[in-house]
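**Q** fold the stuff below for me.
(one chain, ligands or ions: 3)
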Amino acid sequence: MAGSVQKDQQQVLGIIEQQTFHKEESEGNNNNNTTRTLLESDMAPTQGNSIHRSGSRPQLDVSKAEIQGNVEEKYPTILLPNQSDDLSHLALDIGGSLIKLVYFSRHEDQSADDKRKRSLKERLGLSNRRSYPILGGRLHFVKFETRKINECLDFIHSKQLHCGGLESHYSDGVPDQNGIIKATGGGAYKYADLFKERLGVSLDKEDEMDCLVAGANFLLKAIRHEAFTHMEGHKEFVQIEPNDLFPYLLVNIGSGVSMIKVDGDGKFERVSGTNVGGGTYWGLGRLLTKCKSFDELLELSQKGDNRTMDMLVGDIYGGLDYSKIGLSASTIASSFGKTISEKKELEEYRPEDISLSLLRMISYNIGQIAYLNALRFRLKRIFFGGFFIRGHAYTMDTISFAVHFWSNGEAQAMFLRHEGFLGALGAFMSYEKHGLDDLMVHQLVERFPMGAPYTGGKIHGPPLGDLNEKISWMEKFLQKGTEITAPVPMTPPAGTTGLGGFEVPLSKGSTLRSDASALNVGVLHLVPTLEVFPLLADPKLYEPNTIDLSNHSEFEYWLTILSEHLPDLVDKAVASEGGTDDAKRRGDAFARAFSAHLVRLMEEPSAYGKLGLANLLEMREECLREFQFVDAYRSIKQRENEASLAVLPDLLVELDSMDEESKLLTLIEGVLAANIFDWGSRACVDLYHKGTIIEIYRMSRNKMRRPWRVDDFDDFKKRMLGSGDKKKPSHKRALLFVDNSGADIVLGMLPLARELLRRGTEVVLVANSLPALNDVTAMELPDIVAEAAKHCDILRRAAEAGGLLVDAMINTSDSSKENSSSVPLMVVENGCGSPCIDLRQVSSELAAAAKDADLIILEGMGRALHTNLNARFKCDALKLAMVKNQRLAEKLVKGNIYDCICKYEPAS
Ligand SMILES: Nc1ncnc2c1ncn2[C@@H]1O[C@H](COP(=O)(O)OP(=O)(O)O)[C@@H](O)[C@H]1O
Ligand SMILES: CC(C)(COP(=O)(O)O)[C@@H](O)C(=O)NCCC(=O)O
Ligand SMILES: [Mn+2]
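**A** Ligands and ions are numbered 1, 2, ... in the order given. Here you go, the predicted model:
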């Protein structure tokens with residue numbers, strides 16, 4: 001038996017080899033090559049390339065809506081007479097020290113609502129109305145110094161934010177929504193006239209406390225890894241269950257400090273405050289040190305030694321602890337107290353020491369008052385916001401220390417990544433139309449584009465208008481050197497005295513990272529169309545990433561892999577855009593931008609929240625898109641598709657000559673073998689220099705030896721074919737999460753799909769919405785299927801039934817529609833543009849398709865190993881991948897590179 005399988009394979013591969021050489025020889029000669037023409041037309045760069053990953057949620061006003069035109073029409077236009085186009089785009093929090101801006105940039109939903117999609121929607125019961133009356137968009141966060149309010153006005157003006165934004169269709173220089181902008185903070189009153197005068201807009205004042213609380217509640221419920229603890233230099237993200245959030249104490253440290261007990265949405269009380277806050281540190285610090293900026297003052301503190309200023313317990317007790325009351329000799333007895341006994345003038349003290357002593361005094365004091373209020377109301381959680389914190393490790397450590405020390409570890413200090421933007425966010429949300437308040441965590445995707453973290457300057461930097469500006473900025477950035485990437489060395493925890501002593505700050509380095517707070521928050525993409533994949537067994541327990549990157553050596557390894565892969569990727573990207581000078585310049589800027597992210601992460605792995613490998617791989621793709629590389633592997637994908645399609649017919653003939661068992665095994669082997677075509681793996685790319693596509697495919701198949709490293713094939717076979725007389729009905733619908741172009745899809749997954757169809761199972765091919773490496777996209781699939789269907793009736797009928805062939809030109813011998821009742825083959829986009837998939841955020845199309853599915857097949861390293869290897873599903877799941885990285889093979893399966901994984905898990 002085994003021998004005959006082997007023989008069959010040899011035969012398949014023999015035929016393939018011949019065909020390939022023939023096909024590859026004819027490469028470059030593209031006359032009447034239908035495949036090429038079809039693929040090319042589909043892969044043409046789509047402007048903006050925004051799938052459903054961008055969206056905002058200004059809800060439509062549907063009152064008095066009526067159908068316009070012919071009511072009999074299938075998709076009539078609906079007129080919304082009360083919907084105003086100019087939704088507001090900007091909200092402000094004008095504080096004593098800083099102006100915070102939250103603004104919204106719109107994105108058109110450019111996904112073509114083509115015939116395939118329409119028929120798919122009908123089939124999935126999605127109906128064809130726009131499922132979400134929402135426009136795409138992003139939320140940006142920017143801040144300015146209040147004393148430089150003119151810069152802020154210029155910024156708003158240059159981006160036309162008061163008129164709906166530059167990206168808006170409706171931006172005609174006319175102020176928004178009757179010229180009203182939501183604003184909070186004292187400056188909303190103080191500067192109202194200035195805004196009217198300069199921008200022609202009125203500020204609609206919102207209560208500051210209302211806004212703070214609304215902003216905090218929103219962030220804590222809707223943003224993943226918003227809150228974190230910071231103790232002794234160690235940052236840890238905490239995920240709080242939305243229904244376990246209240247009550248908590250919110251401490252906003254701005255110029256002054258507010259302490260608010262929050263019991264629910266809109267339910268709060270300002271219970272305390274202190275006038276010794278951020279303004280005190282900056283104000284006193286400026287007077288005492290002559291610093292010109294807050295950052296300069298903070299930076300000084302990093303080199304300071306507060307013992308020269310502060311009177312310690314030991315100074316009073318002759319170097320001894322006051323152990324009876326639990327105070328070590330190094331505990332500060334009196335901030336600045338040492339200066340009274342010394343006959344020194346201000347100039348004789350080091351500004352560094354002054355700054356540190358001041359920072360510690362104020363942070364500790366706030367921590368202590370916060371603790372007392374938490375105690376007063378029995379609150380266990382305290383969240384600290386406000387820009388005084390500025391993501392600064394020492395400040396956070398001091399506050400945490402105070403809370404921890406005084407509460408004996410009972411209460412916990414937590415910090416927020418969007419620290420200073422609470423009020424501005426709250427003001428933004430007070431626009432009723434935005435309906436932001438009911439956005440869910442899965443509808444928000446945070447991104448770290450170059451335009452956001454690297455808009456340089458002291459606080460905000462230039463408004464980067466277009467791509468060219470972004471590129472120039474990247475060029476300049478590198479010339480300027482390390483300003484942004486300057487590390488804040490993490491001092492290893494030195495250990496405290498245990499007696500309330502905290503003599504030497506733990507998190508202190510020599511330089512302050514330029515505006516760390518701006519680097520800690522990205523742009524929030526609001527994507528209301530994203531959903532949690534409904535077949536996850538337990539979404540709460542789901543963690544997409546298999547490898548925990550909080551392990552430092554893992555993190556370093558994968559960062560190095562990404563960094564080493566960069567030159568090759570840039571080459572491909574530049575070539576994909578014709579290798580022009582413009583492409584080279586963009587390629588260079590992309591490389592700088594992505595390296596800057598890597599360097600930043602190397603310094604501080606948690607800089608962007610808790611990232612897994614999936615996020616890093618996605619960040620690389622996003623970065624490419626930012627510099628308008630639409631599809632870096634386009635021509636490679638095309639070449640591999642053509643070569644594989646040419647040999648598909650013979651493979652199908654071979655498969656059809658096999659008995660059921662051999663066929664199923666050959667199909668699974670085929671998927672595993674063809675998964676070797678992965679342009680994201682260094683080892684594989686090196687292989688590709690050693691042979692043609694088909695030679696490599698053949699070699700890969702020949703190496704298939706069972707048992708595979710993880711081999712549940714027999715269980716899968718039992719489910720599919722039954723054992724003995726026991727046969728189970730075929731699956732109703734299978735979702736095939738496909739991976740790479742070329743052999744992977746054409747010779748691996750399509751034949752498997754065909755077999756499922758033949759067995760009466762509906763098949764949904766789930767592919768990326770946007771390109772990532774050489775992954776096949778949902779846009780590309782219909783043409784590939786159409787080409788394959790020319791040689792295969794099963795595929796053709798199924799594709800017709802699934803509405804896949806509506807656009808494609810197919811010229812099979814039999815194109816009658818009589819078979820439209822066959823089981824359908826469909827294509828849905830997954831909602832992402834990454835080699836991995838986070839099943840908490842998938843397209844609504846996929847979520848709809850999942851409802852009737854009882855089998856999931858996840859294929860490839862990104863989707864089945866890096867992510868989802870441990871995911872549990874409500875239905876049967878098969879995970880298939882070749883491991884194309886030695887370290888991963890060792891780590892995951894104690895195996896070797898090129899080992900295969902076939903993991904089958906029946907419904908749980
Ligand atoms: N670049 C900066 N310029 C001035 N102050 C800053 C800066 N970065 C952080 N801060 C600190 O943040 C405080 C202001 O915090 P913020 O939350 O914006 O409050 P407010 O609304 O009172 O302006 C300042 O008093 C100062 O301590
Ligand atoms: C990016 C990938 C996950 C894509 O793999 P695929 O999903 O196509 O099987 C993979 O190529 C990868 O992990 N590459 C980095 C490892 C390396 O170069 O060895
Ligand atoms: Mn892939």
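**Q** tell me the SS of the residue lying farthest from the centre of the chain?
**A** Largest separation from the mean C-alpha position in the chain: Lys343, at 56.7 Å (CA atoms, centre = their mean). Here Lys343 is recorded as coil under DSSP: H, G, I helix; E, B strand; the rest coil.
**Q** distance of it relative to ligand 3?
**A** Note on Lys343: its distance to ligand 3, by CB to the ion, to the nearest Å, is 72 Å. Placement of C-beta: from N, CA and C, glycine included.
**Q** what score does that residue have for pLDDT?
**A** Note on Lys343: pLDDT of 87.
**Q** give me the distance between it and Thr308.
**A** Going from Lys343 to Thr308 by CB to CB, to the nearest Å gives 14 Å.
**Q** repeat that for Asn768.
**A** Using CB to CB, we find Asn768 at a distance of 59 Å from Thr308.
**Q** which one's more surrounded, those two?
**A** Neighbour tally, Asn768 and Thr308, criterion other CB atoms under 10 Å: the higher count belongs to Asn768, 29 against 17.
**Q** surely the more buried one is in contact with Glu829?
**A** Yes. Between Asn768 and Glu829 there is a contact under CB atoms under 8 Å: 7.0 Å.
**Q** who's in contact with Ile745?
**A** 641, 644, 738-739, 776, 781, 784 (CB atoms under 8 Å, 6 or more residues apart in numbering).
**Q** quick one, what contacts the residue nearest to Ala329 when sequence neighbours are not counted?
**A** Spatially, and ignoring its direct neighbours in sequence, Ala329 is nearest to Gly314 (3.0 Å; CB to CB, 6 or more residues apart in numbering). Each residue near Gly314 by CB under 8 Å, 6+ apart is listed here: 320-321, 328-330.
**Q** which of those fall in helices?
**A** Among the contacts of Gly314, no residue falls in helices (DSSP state H).
**Q** which of those count as buried?
**A** 321, 328-330 (16 or more other CB atoms under 10 Å).
**Q** got these as a markdown table, with distance to ligand 1 and pLDDT columns?
**A** What follows is the buried ones among the contacts of Gly314, written out as a markdown table (distance: CB to the nearest ligand atom, whole Å; pLDDT from 0 to 100):
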| residue | distance to ligand 1 | pLDDT |
| --- | --- | --- |
| Asp321 | 34 | 78 |
| Ser328 | 29 | 80 |
| Ala329 | 31 | 82 |
| Ser330 | 27 | 81 |
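**Q** thinking again about what came up before, okay, and the common contacts of Asn768 and Glu829?
**A** In contact with both Asn768 and Glu829: 777-778, using CB under 8 Å, 6+ apart.
**Q** quick check: phi and psi at Asn870.
**A** Per-residue torsions, Asn870: phi -100, psi 10 (degrees, to the nearest 10).
**Q** is it in contact with Glu543, as I believe?
**A** Yes. Taking CB under 8 Å as the definition, Asn870 is a contact partner of Glu543 at 7.4 Å.
**Q** which of the contacts of Gly314 lies closest to Arg719?
**A** Ser328 (65.9 Å; CB to CB).
**Q** just checking, that closest one touches Val313?
**A** Yes. Here Ser328 reaches Val313: they are 6.6 Å apart, a contact under CB under 8 Å.
**Q** shared neighbours of those two, anything?
**A** In terms of CB under 8 Å, 6+ apart, Ser328 and Val313 are both contacted by the residues Asp321.
**Q** looking at the stretch 301-450 of the chain, which residue is nearest ligand 1?
**A** Phe387 (3.3 Å; CB to the nearest ligand atom).
**Q** just to revisit the earlier point, turn the contacts of Gly314 into a markdown table, columns for distance to Gly748.
**A** Below are these laid out as a markdown table (distance: CB to CB, whole Å):
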| residue | distance to Gly748 |
| --- | --- |
| Leu320 | 75 |
| Asp321 | 70 |
| Ser328 | 66 |
| Ala329 | 70 |
| Ser330 | 65 |
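**Q** so which of those residues comes closest to ligand 3?
**A** Ser330 (55.4 Å; CB to the ion).
**Q** the closest one and Leu312 touch, don't they?
**A** Yes. Under the criterion of CB under 8 Å, Ser330 makes contact with Leu312 at 5.7 Å.
**Q** tell me what the helix or strand where Leu655 lies is packed against?
**A** Applying DSSP states H and E as the criterion places Leu655 in helix 634-656. Applying 3 or more CB pairs under 8 Å, 6 or more residues apart in numbering; DSSP states H and E, one finds that helix 634-656 contacts helix 2-25, helix 34-43, helix 552-576, helix 660-674, helix 693-702, helix 743, helix 750-758, helix 781-789.
**Q** lowest average pLDDT across those?
**A** helix 34-43 (a mean of 26).
**Q** who are the contact partners of the residue of the chain found nearest ligand 1?
**A** At 1.8 Å from ligand 1, Gly95 is the closest residue in the chain, using CB to the nearest ligand atom. By CB under 8 Å, 6+ apart, Gly95 lies in contact with 146, 185-187, 254-255, 423.
**Q** dihedrals phi and psi, it?
**A** When read as degrees, to the nearest 10, the backbone of Gly95 gives phi -90, psi -180.
**Q** domains of this structure?
**A** Listed domain ranges for the chain are 4-212+426-529, 227-309+349-416, 634-905 (source: automatic domain parsing).
**Q** can you measure across the last one, start residue to end residue?
**A** For domain 634-905, the first-to-last residue distance is 35 Å (CA to CA, to the nearest Å).
**Q** pretty sure His140 contacts Ala91?
**A** No. Here His140 does not reach Ala91: they are 11.3 Å apart, not a contact under CB under 8 Å.
**Q** more neighbours, those two?
**A** Set side by side, His140 and Ala91 show more neighbours around Ala91, with 30 against 23, by other CB under 10 Å.
**Q** and the more buried one, helix, strand or coil?
**A** strand.
**Q** these two touch, right, it and Gly423?
**A** No. Ala91 lies out of contact with Gly423 (CB under 8 Å); the separation is 9.1 Å.
**Q** what touches both of those two?
**A** Shared contacts of Ala91 and Gly423, counting by CB under 8 Å, 6+ apart, come down to Thr184.
**Q** hang on, the earlier thing: closest to ligand 2 out of the contacts of Ile745?
**A** Asp739 (4.7 Å).
**Q** can you list the contacts of Gly95 in TSV and add distance to Asn675, neighbour count and pLDDT?
**A** Formatted as TSV, the contacts of Gly95 follow (distance: CB to CB, whole Å; neighbours: other CB atoms under 10 Å; pLDDT from 0 to 100):
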residue	distance to Asn675	neighbour count	pLDDT
Thr146	56	20	94
Gly185	55	27	97
Gly186	60	15	96
Gly187	58	22	97
Gly254	54	25	97
Ser255	58	22	96
Gly423	50	33	97
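**Q** so which of these also contact ligand 3?
**A** When contact is defined as CB under 5 Å from the ion, the contacts of Gly95 do not meet ligand 3 at all.
**Q** just those residues now: which is nearest Asp397?
**A** Using CB to CB, those come closest to Asp397 at Gly254, 20.2 Å.
**Q** leaving out the residues flanking it, which one is nearest to that closest one?
**A** Gly386 is the one closest to Gly254 (CB to CB, 6+ apart), at 4.4 Å.
**Q** what's near enough to touch the one you found?
**A** 251-254, 257, 277-278, 419-420, 422.
**Q** tell me which two in the residues you listed are the farthest apart.
**A** Gly277 and Leu422 (14.9 Å).
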